Structure formats: structure tokens, C-alpha cells
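Asker: here are the coordinates; sequence isn't available:
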């Protein structure tokens, strides 16, 4: 959550603190990382607005940009698509996927959206009450049997135009 009415650009800049970020005199590298994170999360139009005046989804995108600006080897993202509209859910997951692919950086994402996990993850760990039920490739882990065992829900699995789909019956 964002509690201070700082401009979005300043909030994203906080992600650069591990790199010695100075808000009064940001380095060229800091400015580049901040601008890249803002662009990746499609919030350039919001950069000068106080974060407290944004919608929940816009705030979530700004906070994800802050995490991206850190440029760390491992990114942990807890429900980064919560509160986002469908388009920004896909964009956010694609940004995280691209980060892993293009930069070779590890990204660990906690999700409840099985379709997004199926579509974007290399590996999935299915947990129930703190216990690991299955781990491996998404189609193997997110099987109809595992989903029924963990959530008590029957699902259908398939593909639409090459995109995996998981739908509750």
C-alpha cells in the first residue's frame, strides 16, 4: 500500500535505494532504470501524480514498477496482477516473463490465477495449507486431478489459439 502522497516517479525511485539512489541528484543509471520501469508498467501518464490519488490497479502497477527499478537478480512478486484489469494483468505477466527471458533473471510469482500461471510460468509449485502438493511444468502440476484435490473444483483444460485455458465446470 502507498501511504504518502509522493509522485509516482518518486515511489518508483525508491526501488533504486539499494543502488545508492539520491532523489535530489539521481544518477543517469537511476533515471534510466526508473524510466524503463515506468514505461514497462505503462504508467508514464501517471508519473507526476501523487500515488495516493491513483486507483488500486494504478497503484499496483506503480509498486510493480518500483520493484522492477530495483534491477535485482531475483524478483519476488506476490499477486502482482491483483486488482488489475485483464489487459494490465497480461501486460504485467508479460513484463515479468520478458525480464526472465531477456535478462536471464529469476522471477518468483505467487498467483491464484491458474490460467496466468499456466500461460507464463516455466515451473509451478502448487501448495495447500503450506504443504507442497506438486512441483514441475505447469500442465503437469495444474492437472485436473491436482486442482480437484486442492480446491474441490472440477475444471476443463484446453487451448484457444495456442493459449492454455483452465475453466471451472
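Answerer: That came through, no problem. What you are looking at is a predicted structure, and each value in this text was computed from that prediction instead of being measured.

Asker: separation between residue 73 and residue 108?
Answerer: 12 Å (Cβ to Cβ, to the nearest Å). In short, each C-beta sits where N, CA and C put it, glycine included.

Asker: ah, wrong one, I meant residue 147
Answerer: For residue 147 relative to residue 108 (Cβ to Cβ), the value is 21 Å.

Asker: go on, residue 134?
Answerer: As judged by Cβ to Cβ, residue 134 and residue 108 stand 17 Å apart.

Asker: Which one's more surrounded, the two?
Answerer: Higher neighbour count among residue 134 and residue 108: residue 134, with 17 against 14, using other Cβ atoms under 10 Å.

Asker: For residue 93, which non-adjacent residue is spatially closest?
Answerer: residue 120 (4.5 Å; Cβ to Cβ, 6 or more residues apart in numbering).

Asker: close enough to count as contact, that neighbour and residue 91?
Answerer: No: counting by Cβ atoms under 8 Å, residue 120 stays clear of residue 91, with 11.4 Å between them.

Asker: The two - which one has more neighbours?
Answerer: Taking neighbours as other Cβ under 10 Å, residue 120 and residue 91 compare with residue 120 leading, 20 against 17.

Asker: residue contacts, that one?
Answerer: By Cβ atoms under 8 Å, 6 or more residues apart in numbering, the contact set of residue 120 is 93-94, 96-97, 109.

Asker: tally of neighbours for residue 112?
Answerer: The number of residues packed near residue 112 is 10, by other Cβ under 10 Å.

Asker: Now do the strands in the protein.
Answerer: 74-78, 106-110, 124-128, 131-136, 155-160, 163-168 (DSSP state E).
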